[in-house]
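# Build the 3D model from these lines:
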Amino acid sequence: MSTADRFEEQLVDRLRELRPLAVEYQQLEQVAHRLGLVPGDELEPDDDGVRVPRREREVLELVRARPGLTVRQIAERLDVDSTNLYRHVRKLEEEGAITKRGTALHPVRNGARASRASHSVAPPGAPGT
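Model prediction:
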């Protein structure tokens, strides 16, 4: 068996091994999209150092910068589907960071985010981890 034949055989075997993982990845990615957890929605610190989803932070920053934007307008600015933002907007409303007037979103002045603990991620080695 030549080197090229061995390589081809190894390549085909490896592709066969990886196929189920690729299928699983695609399925998980679809679920993540449906939940609004698009790739790139990692946790990042907000202004107070609390770790929140990046997309949530971006929405809040846009609403603070341009009060009155709609979810659709924010989606256009972030280049995402608006259905992916509703979960973040709802959470920001529940936390008292933004409010809706009709379809327009507005920041809440001095609005403390009431349920910050739901976003907190303890650093490795912290008590309780």
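# Now the helix of greatest length in the chain: buried residues?
Of all segments of type helix in the chain, defined using DSSP state H, the longest is helix 3-34. Across helix 3-34, burial judged by 16 or more other Cβ atoms under 10 Å covers no residue at all. (C-beta placed from N, C-alpha, C; glycine too.)
# what's the average pLDDT for it?
The average pLDDT within helix 3-34 is 86.
# just stretch 54-61 next, same as before
88.
# Ok, stretch 75-90 next?
Here the average pLDDT along stretch 75-90 is 88.
# Buried ones in it, by neighbour count?
Under 16+ other Cβ under 10 Å, the buried positions of stretch 75-90 are A75, L78, V80, N84, L85, H88, V89.
# Give me the subset of those lying in helices.
A75, L78, H88, V89.
# out of the residues you listed, who's nearest L60?
H88 (8.6 Å; Cβ to Cβ).
# hmm, back to that, same list (the buried residues of stretch 75-90) but as CSV, adding distance to G96.
As requested, the buried residues of stretch 75-90 are exported to CSV (distance: Cβ to Cβ, whole Å):
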residue, distance to G96
A75, 23
L78, 22
V80, 24
N84, 22
L85, 18
H88, 14
V89, 13
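# Does anything pack onto the host helix or strand of R57? Which helices or strands?
Here R57, judged by DSSP states H and E, is contained in helix 54-65. Identification of packing neighbours for helix 54-65 by 3 or more Cβ pairs under 8 Å, 6 or more residues apart in numbering; DSSP states H and E yields strand 43-45, helix 71-78, helix 86-94, strand 98-101, strand 104-107.
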